[in-house]
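[1] 3D model of this:
(4 chains)
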Number of protein chains: 4
Amino acid sequence: MRKGIAQKADITLDLAQSVLEAGLRHARDSDLLMNIAVVDAGSNLTTFARMDGAWLGSIDIAITKARTARYFDMETAQLSPMAQPGAPLYHIEFSNDGLITFPGGIPLQLEDGAVVGAIGVSGGSVEQDQAVAEAGAQAFRTATAS
Amino acid sequence: MRKGIAQKADITLDLAQSVLEAGLRHARDSDLLMNIAVVDAGSNLTTFARMDGAWLGSIDIAITKARTARYFDMETAQLSPMAQPGAPLYHIEFSNDGLITFPGGIPLQLEDGAVVGAIGVSGGSVEQDQAVAEAGAQAFRTATAS
Amino acid sequence: MRKGIAQKADITLDLAQSVLEAGLRHARDSDLLMNIAVVDAGSNLTTFARMDGAWLGSIDIAITKARTARYFDMETAQLSPMAQPGAPLYHIEFSNDGLITFPGGIPLQLEDGAVVGAIGVSGGSVEQDQAVAEAGAQAFRTATAS
Amino acid sequence: MRKGIAQKADITLDLAQSVLEAGLRHARDSDLLMNIAVVDAGSNLTTFARMDGAWLGSIDIAITKARTARYFDMETAQLSPMAQPGAPLYHIEFSNDGLITFPGGIPLQLEDGAVVGAIGVSGGSVEQDQAVAEAGAQAFRTATAS
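    Numbers count the residues shown, from 1 in each chain, chains lettered A, B, ... in the order given. Got it, this is the predicted structure:
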């Protein structure tokens, strides 16, 4: 490897689409109408789907949850307590043209710890959003397990 | 119907104007100065009126309340408890270029459950805003009753 | 149909994904790296894919081309001459939080004339973008032909 | 009148609605689908209507045309030559969160010269937009003639 140059793992469109499809399957099996976004290691939108009839306001929230999860390499649910009044990250949502700090965003992380993207889900209760995101993250872990 | 194509109900300008006029009548009868907005099924502004002397800051709030109610197919009043500190949707207002999560926005829903638009009202107390929005929603229900 | 209520056709996620896949196939067959977006009748993002290595700056352009094509129910290529200095729509791009008025966005139109969405493509020359968008639009026309 | 205090003429909602209705009538008589906005002396949105099936991208343009016409107390058509490359106001559209400098916006001006609002129209060719805006402005002049 050349001096001054790093090599970084990143998710492919193929795998991102598999992750999204796993989320869609879970949503359909649970009779939920969801918006699902997958971003890559650079936090750029890689693939997205909005199920027929899913909330219009959840397009932006799904994308923002995925972006937030990759921005800080943690689940958006982990940010919730830190973003409360009096807590260390109060009003972090003012940064980065808006963040979402409630459940539904999960980083996509390799076994060696590298985060190569994130999934964000919005359309139901935060528990439902989180369950669909977890289904996508599980598909990612299965596909990349050694 | 063609494969891959759905049919969706939407409000017409005629009906949206009737809904707005019902809101204006209620506001005048109650000596209130209101901004009233009606959006369609796509959450696009369909008609709007600002009563003489109504708060300038309420133009945007009325439109955003209508947009929020259609974005999530629920009254903005229902979002209030969920958007509090410690509650599941805390700071959802940072999404979608701004949302309003206090009373005054009501979806316009057909008897079969289809949401074809929303009304948003701002200019008084949240109780007054909600009452004017309800007058508009009631006019919608009467006009579309079977 | 109820008075005051219109019925409007809209694209489903299933068909939108087929349109996107047709665009991806054309891009792969032509050795191109593209971002492809499909919006619905309401100009809302329905599905999206970014091919590995495609330009980062084209994520937003692909989505904006699709949005622009549906906003005015015409190909973005048709807007190009009208948006030039001295032409009737000069600087229309300053509206709607940004528009794109060069080729690569095509409305998805049923045989009866109803526009139910649009495809937007960005990642190569405008001729290449337009060709990939046309491949998606052709798949739409085939799927919805009577 | 108190020292330091000015009196300013402003359009009422009643008159603004009459101006808008005159525009709608002209559009219907000409088989056009238009978005029409009226702003008051403060350049605040006073009333708005989007005809069924009018371009989605024209909601923002109609409002911005009305705003632009009142911002500079001239027809948006008069700004077109001044906003060209090399002309004195080149790129004025970058100000005020976006302006529109092609035809379709007309100030509403009393016989004594006071501008009390503006109408903005978008949905067809710039000639059609201008004709509908002119119909609204004519209704204003008739209503306020001495």
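
[2] what about the helix or strand containing residue A:130 and chain C, touching?
    In the assignment (DSSP states H and E), residue A:130 maps to helix A:126-144. No. For helix A:126-144, no contact with chain C is found by Cβ under 8 Å from any Cβ of the partner chain; the gap never falls below 14.9 Å. Glycine gets a C-beta too; all of them are placed from N, C-alpha and C.

[3] pull the residues that contact that helix.
    A:11, A:15, A:18-23, A:25-27, A:30, A:32, A:34, A:36, A:38, A:65, A:77, A:102-106, A:108, A:110-111, A:119-124, B:88-89 (Cβ atoms under 8 Å, 6 or more residues apart in numbering or on different chains).

[4] which stretches of chain A have low pLDDT?
    By pLDDT under 70, the low-scoring segments of chain A are A:1.

[5] before we move on, the earlier item: just the ones in helices from the contacts of helix A:126-144, please.
    If you go by DSSP state H, the contacts of helix A:126-144 have A:15, A:18-23, A:25-27, A:65, A:77 in helices.

[6] turn those into JSON lines, columns for distance to residue D:81.
    Listed next are the ones in helices among the contacts of helix A:126-144 as JSON lines, based on distance: Cβ to Cβ, whole Å:
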{"residue": "A:15", "distance to residue D:81": "54"}
{"residue": "A:18", "distance to residue D:81": "55"}
{"residue": "A:19", "distance to residue D:81": "53"}
{"residue": "A:20", "distance to residue D:81": "50"}
{"residue": "A:21", "distance to residue D:81": "54"}
{"residue": "A:22", "distance to residue D:81": "57"}
{"residue": "A:23", "distance to residue D:81": "53"}
{"residue": "A:25", "distance to residue D:81": "58"}
{"residue": "A:26", "distance to residue D:81": "58"}
{"residue": "A:27", "distance to residue D:81": "54"}
{"residue": "A:65", "distance to residue D:81": "47"}
{"residue": "A:77", "distance to residue D:81": "56"}
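
[7] highest neighbour count among the residues you listed?
    Counting neighbours by other Cβ atoms under 10 Å in any protein chain shown, the top entry in these is residue A:65, with 35 neighbours.

[8] and it, what is it in contact with?
    Counting by Cβ under 8 Å, 6+ apart, residue A:65 makes contact with A:37, A:76, A:100, A:104-105, A:120-122, A:129, A:133.

[9] check contacts around the nearest residue to residue A:136 once chain neighbours are set aside.
    Closest residue to residue A:136 apart from its sequence neighbours, by Cβ to Cβ, 6 or more residues apart in numbering or on different chains: residue A:23 at 3.8 Å. Each residue near residue A:23 by Cβ under 8 Å, 6+ apart is listed here: A:34, A:36, A:119, A:121, A:132-133, A:135-136, A:139.

[10] report the central residue of chain A.
    residue A:119 (2.3 Å; Cα atoms, centre = their mean).

[11] which ones are touching it?
    A:19-20, A:23, A:36-38, A:66, A:69, A:105-106, A:108, A:133, A:136-137, A:140.

[12] which of those lies closest to residue D:57?
    residue A:37 (24.3 Å; Cβ to Cβ).

[13] and for the closest one, the neighbour number?
    Residues lying near residue A:37 (other Cβ under 10 Å) number 32.

[14] for the one 5 residues further on, same thing?
    Residues lying near residue A:42 (other Cβ under 10 Å) number 12.

[15] surely it forms part of a helix?
    No. Per DSSP: H, G, I helix; E, B strand; the rest coil, residue A:42 lies outside any helix segment and is coil.

[16] quick check, it in contact with residue A:67.
    No. Using Cβ atoms under 8 Å, residue A:42 is not in contact with residue A:67; the gap is 10.5 Å.

[17] returning to what we had before: who does the residue nearest to the centre of chain A bridge with?
    residue A:38, residue A:106 (DSSP bridges).

[18] residue A:110 and chain C, how far apart?
    Distance, residue A:110 to chain C, by Cβ to the nearest Cβ, to the nearest Å: 17 Å.

[19] list the contacts for that residue?
    A:9, A:116, A:144.

[20] right, and residue A:85 touches residue B:85 too?
    Yes. If you go by Cβ under 8 Å, residue A:85 and residue B:85 touch, sitting 5.0 Å apart.

[21] the more surrounded of the two?
    Higher neighbour count among residue A:85 and residue B:85: residue B:85, with 12 against 9, using other Cβ under 10 Å.

[22] so residue A:46 sits in a strand?
    Yes. Residue A:46 forms part of a strand when assessed by three-state DSSP.

[23] my guess is it contacts residue C:53. True?
    No. Assessed by Cβ under 8 Å, residue A:46 is found out of contact with residue C:53, at 11.7 Å.

[24] when these two are compared, which one has more neighbours?
    Higher neighbour count among residue A:46 and residue C:53: residue A:46, with 31 against 11, using other Cβ under 10 Å.

[25] residues contacting the more buried one?
    Contacts of residue A:46 were listed using Cβ under 8 Å, 6+ apart, and they are A:11, A:13, A:16, A:38-40, A:117, C:49-50.

[26] max pairwise distance over those residues: which two?
    Greatest spacing in the contacts of residue A:46, by Cβ to Cβ: A:117 and C:49 (13.7 Å).

[27] give me phi/psi at residue A:125?
    In terms of degrees, to the nearest 10, the main-chain angles of residue A:125 are phi -70, psi 160.

[28] what about the spatially closest residue to it that is not a sequence neighbour, how many neighbours?
    Spatial nearest neighbour of residue A:125, excluding adjacent residues (Cβ to Cβ, 6+ apart): residue B:88 at 7.1 Å. Residues contacting residue B:88 under the criterion other Cβ under 10 Å number 16.

[29] give the contact list for residue B:88.
    Counting by Cβ under 8 Å, 6+ apart, residue B:88 has contacts A:102-103, A:125-126, B:82.

[30] with residue A:124 instead?
    A:32-34, A:132.

[31] what about 7 Å?
    By Cβ atoms under 7 Å, 6 or more residues apart in numbering or on different chains, residue A:124 lies in contact with A:32, A:34.

[32] and if you look at residue A:83?
    Per Cβ under 7 Å, 6+ apart, neighbours of residue A:83: A:89-90, A:92-93, A:101, B:91.

[33] residue in chain A nearest to chain B?
    The minimum distance from chain A to chain B, using Cβ to the nearest Cβ, falls at residue A:57 (2.8 Å).

[34] what are the phi and psi angles of that residue?
    phi -70, psi -10.

[35] over to residue A:87?
    Dihedral pair for residue A:87: phi -90, psi 160, per degrees, to the nearest 10.

[36] for residue A:80, see how far away it is.
    As for residue A:87, its distance to residue A:80 is 9 Å (criterion: Cβ to Cβ, to the nearest Å).

[37] higher neighbour count, those two?
    residue A:80 (21 against 14).

[38] the more buried one: what secondary structure?
    helix.

[39] look through chain A and state the residue closest to chain C.
    Counting by Cβ to the nearest Cβ, chain A gets nearest to chain C through residue A:48 (4.2 Å).

[40] contacts only, for the residue lying closest to that residue once chain neighbours are set aside.
    Distance criterion Cβ to Cβ, 6+ apart; nearest residue to residue A:48, sequence neighbours excluded, is residue C:48 at 4.2 Å. Applying Cβ under 7 Å, 6+ apart, we find residue C:48 in contact with A:45, A:47-48, C:36-37, C:63.

[41] quick one: which two of those residues are the most distant?
    A:47 and C:63 (12.6 Å).

[42] for chain C, what are the nearby residues on chain A?
    A:12-13, A:44-52, A:56, A:59 (Cβ under 7 Å from any Cβ of the partner chain).
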